[in-house]
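A.B. asks: Return a 3D structure for these sequence lines:
(one chain, ligands or ions: 2)
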Amino acid sequence: MNTRFPNSQSFLDFKATQLGNSGFQVISCMLPLKTLNYTVLHGPRLSKLCLSCSKPLKTQICTNQEVGFFRTVERSKSLLSVRTKSVMGVSEVVEKDDVAEGKNKDGSGGYDAIVIGSGIGGLVAATQLAVKGAKVLVLEKYVIPGGSSGFYERDGYTFDVGSSVMFGFSDKGNLNLITQALAAVGCKMEVIPDPTTVHFHLPNNLSVQVHREYDDFISELTSKFPHEKEGILKFYNECWKIFNALNSLELKSLEEPIYLFGQFFKKPVECLTLAYYLPQNAGSIARNYLKDPEVLSFIDAECFIVSTVNALQTPMINASMVLCDRHFGGINYPVGGVGEIAKSLTKGLADQGSEILYRANVTSIIIDDGKAVGVRLSDEREFFAKTIISNATRWDTFGKLLKKQDLPKEEENFQKIYIKAPSFLSIHMGVKAEVLPPDTDCHHFVLEDDWKNLEEPYGSIFLSIPTMLDSSLAPKGRHILHIFTTSSIEDWQGLTTKDYEIKKELVADKIISRLENKLFPGLKASIEFKEVGTPKTHRRYLARDSGTYGPMPRSVPKGLLGMPFNTTSINGLYCVGDSCFPGQGVIAVAFSGVMCAHRVAADVGLEKRSPVLDAGLLRLLGWLRSLA
Ligand SMILES: NC(=O)c1ccc[n+]([C@@H]2O[C@H](COP(=O)([O-])OP(=O)(O)OC[C@H]3O[C@@H](n4cnc5c(N)ncnc54)[C@H](O)[C@@H]3O)[C@@H](O)[C@H]2O)c1
Ligand SMILES: CC(C)=CCC/C(C)=C/C=C/C(C)=C/C=C/C(C)=C/C=C/C=C(C)/C=C/C=C(C)/C=C/C=C(\C)CCC=C(C)C
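C.D. replies: Ligands and ions are numbered 1, 2, ... in the order given. The predicted structure follows:
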């Protein structure tokens, strides 16, 4: 079939099938056609051009199955008055109004937002927007949702990809953001309360269990450091002051002035408390009350498990959030595994009329006149929306999805203050149940000999045994051990496949031996299943630059002051996830999702906004960040 373009003399061959009365689906075409404007020269059988291809085809035939369909030949006439851009000598006609309305070039879509990635940050942003009435498209590179909070199944085991400690999953207060995100789309999950957040096994045989009941925890800790009892109480009380202030607010976008000023008006003391602590870190506050280096090292370990850095580098607001929520709402594990959270959010998203596509690897963000208007996938498909939200890390967003040379000043500043935290070596194991004593806690943190190794690669070991709470995750008579320890990608590069496999076994064996010596004699002999992941595995399956766990401060930060919110200096482009305020952690990225959805909803007209106040606040926040 021949087709002629009004703005060029090109003639193209393509094949299409008729779809009832509604149009024609292209099944192949010879050239990369992005145009919508054409005249059918012969017969009614064929009518639609491939709208997906944008680059020259390597072969003569495009076999892209994901093309939309063109509704009527008449529609092509309505597209005559649109901008024309020359690509490869073929006139490309883009209907600008449609693109501005978030429509794809075939007129489909009409999205308010495209979310790149379905980590918890991305999914919370997407679902919150969907319940506000937005039409959202989530594009996920992998085959299931959840990112670091996903799951995988092997030999009858259901493994959590990331760790299994869930904050923000209770039924009370304002900070149960996971519960709230699920409830917003009509989902409620059954959870199992965890009696102990973590059992610390530290140098000098210091063993501390963080009990769910705050008083039990404080009694245990002060019994180990009776001479520091007063200081310990004062430090944790200061954390409670911040937590209570946070818990009294309705949490929305701190970049939206009508909401922010409203909160200051309703809760001035709480907001000023938070503003006061915003630039402060937990370690320096702990030092106001505590002198014993060992108890200060314990506070370091408390912070390290949630920030991968010591207390001096951990923002006080974040420390307070986790050190108190574990007692206020408690740590609760979702029945069926952490992966159920993302599955439920995805279902909720679809129930609201929005969509998620898997195996959709976004390779670039399309910028038009300085505004983010769409995305391009590795298979050349393009999608357009009014706004683009990236749940990829900032290093991936600004280093890969946008051209490197376009790195905005704000991002340069971010990269000056924050570097990529290391990744993890993770070992997922199935073991015979009898190797674990019956009263074993679910989560452990092990640093046997020397406090100096806390932040060293492979120094500290995290261990979760989710089957202690939900036995359905493993075959009968078996437990899951998920062991992880910090490790950098540099340690795993430049190896042959054989050396890589040997090294994985060697490093994993050392870690397992340490756990065997410290906690579970006979552990090695009880292993029934074992799979080892390295930073390269994290990079591959989570699409995170160097497999990083998230951002960490290069030196001592000014608390949370330097952490960017969701808007970026590119109009229409937002970020969500752990490289946004307030940082790493499932509850933290859920908050970033809530904030992002609020800001985007205001920008697409689904929430109240004031352009004048917006401009003022965004400038003020930019200036505050520059002080960090
Ligand atoms: N508390 C815990 O135990 C626990 C457990 C797991 C994860 N976490 C936290 O979760 C945080 C990460 O959450 P998040 O929401 O920021 O992100 P994430 O990394 O979990 O998810 C990002 C998603 O985006 C997808 N993606 C990335 N680039 C893409 C592209 N170009 N095209 C399409 N898809 C793409 C990835 O495949 C992934 O599914 C971490 O900081 C970690 O702290 C915590
Ligand atoms: C704007 C301005 C300037 C000012 C104003 C003021 C105000 C109002 C302010 C406000 C603020 C706010 C609201 C804030 C908020 C915040 C938040 C929410 C935060 C949160 C956070 C969280 C976090 C950080 C979390 C984290 C977690 C994690 C990371 C976890 C992890 C875990 C793991 C790893 C586990 C372990 C394991 C074992 C041991 C085994």
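A.B. asks: quick one: pLDDT of residue 409?
C.D. replies: Turning to residue 409, the model gives it a pLDDT of 88.
A.B. asks: Which residue, other than its chain neighbours, is closest to it?
C.D. replies: Once flanking residues are discounted, residue 409 sits nearest to residue 569: 7.0 Å by CB to CB, 6 or more residues apart in numbering. Quick note: C-beta positions are derived from backbone N, CA and C, even for glycine.
A.B. asks: residue contacts, that neighbour?
C.D. replies: Residue 569 sits next to 408, 409, 410, 411 when contact means CB atoms under 8 Å, 6 or more residues apart in numbering.
A.B. asks: Excluding residues flanking it in the chain, which one is nearest residue 146?
C.D. replies: Leaving out its chain neighbours, the residue that sits closest to residue 146 by CB to CB, 6+ apart is residue 342, at 3.2 Å.
A.B. asks: pretty sure that neighbour is touching residue 120, no?
C.D. replies: Yes - the pair residue 342 / residue 120 is scored as a contact, 6.7 Å apart, by CB atoms under 8 Å.
A.B. asks: which residues do those two both contact?
C.D. replies: With CB under 8 Å, 6+ apart, residue 342 and residue 120 have common neighbours 146, 147, 149.
A.B. asks: If you rank every helix and strand of this structure by mean pLDDT, what lands last?
C.D. replies: When the helices and strands of the chain are compared on mean pLDDT, DSSP states H and E, strand 83-87 comes out lowest with a mean of 26.
A.B. asks: ok, the closest residue to ligand 2 within the chain - how many residues close by?
C.D. replies: At 2.4 Å from ligand 2, residue 585 is the closest residue in the chain, using CB to the nearest ligand atom. A count of neighbours around residue 585, defined by other CB atoms under 10 Å, yields 23.
A.B. asks: List the contacts of it.
C.D. replies: Here residue 585 is in contact with 167, 306, 318, 322, 578 (CB under 8 Å, 6+ apart).
A.B. asks: then stretch 272-288 to CSV, C-alphas only?
C.D. replies: Taking Å, rounded to 0.1, in the frame of the first residue of the first chain, the C-alpha atoms of stretch 272-288 are listed here in CSV:
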residue,chain,number,x,y,z
LEU,A,272,8.4,25.7,64.0
THR,A,273,9.7,22.7,65.8
LEU,A,274,10.2,20.9,62.5
ALA,A,275,11.7,24.0,60.9
TYR,A,276,14.1,24.2,63.8
TYR,A,277,15.2,20.5,63.5
LEU,A,278,15.3,20.5,59.7
PRO,A,279,19.0,21.4,59.5
GLN,A,280,20.1,19.2,62.4
ASN,A,281,21.6,15.7,62.7
ALA,A,282,21.0,13.0,65.3
GLY,A,283,24.7,12.5,66.3
SER,A,284,25.2,16.1,67.4
ILE,A,285,22.0,16.1,69.5
ALA,A,286,23.0,12.8,71.1
ARG,A,287,26.3,14.4,72.1
ASN,A,288,24.4,17.1,74.1
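A.B. asks: Tell me, how many residues neighbour residue 272?
C.D. replies: 12.
A.B. asks: do the same with residue 446
C.D. replies: 21.
A.B. asks: which residues touch it?
C.D. replies: 201, 460, 461, 463, 514, 515, 518, 519.
A.B. asks: The residue of the chain closest to ligand 2 and residue 199: what is the separation?
C.D. replies: To residue 199, residue 585 is 20 Å away according to CB to CB, to the nearest Å.
A.B. asks: which intervals of the stretch 451-600 of the chain have sub-threshold pLDDT?
C.D. replies: Residues of the stretch 451-600 of the chain meeting the criterion pLDDT under 70: none.
A.B. asks: This protein against ligand 2: which residues are in contact?
C.D. replies: With the criterion set to CB under 6 Å from any ligand atom, the chain comes near ligand 2 through 163, 165, 167, 198, 246, 249, 251, 254, 263, 271, 274-275, 278, 305-306, 317-318, 321-322, 443, 445, 462-464, 582-585, 587-588, 591, 624.
A.B. asks: wait, residue 465 sits on residue 480?
C.D. replies: Yes - taking contacts as CB under 8 Å, residue 465 lies within contact range of residue 480: 6.5 Å.
A.B. asks: Of the shared contacts of residue 342 and residue 120, which fall within the contact range of ligand 1?
C.D. replies: Applying CB under 6 Å from any ligand atom to the shared contacts of residue 342 and residue 120, those adjacent to ligand 1 are 147, 149.
A.B. asks: can you count the residues close to the residue nearest to residue 146?
C.D. replies: The burial count assigned to residue 342 is 24, neighbours taken as other CB under 10 Å.
A.B. asks: now do residue 155
C.D. replies: Around residue 155 there are 11 residues (other CB under 10 Å).
A.B. asks: Show the pLDDT at it.
C.D. replies: At residue 155, pLDDT is 96.
A.B. asks: What is the longest helix along the chain packed up against?
C.D. replies: Across the chain, the helix with the greatest residue count (assigned by DSSP state H) is helix 497-518. With contacts taken as 3 or more CB pairs under 8 Å, 6 or more residues apart in numbering; DSSP states H and E, helix 497-518 sits against strand 423-432, strand 443-446, strand 461-464, strand 478-487, strand 527-533.
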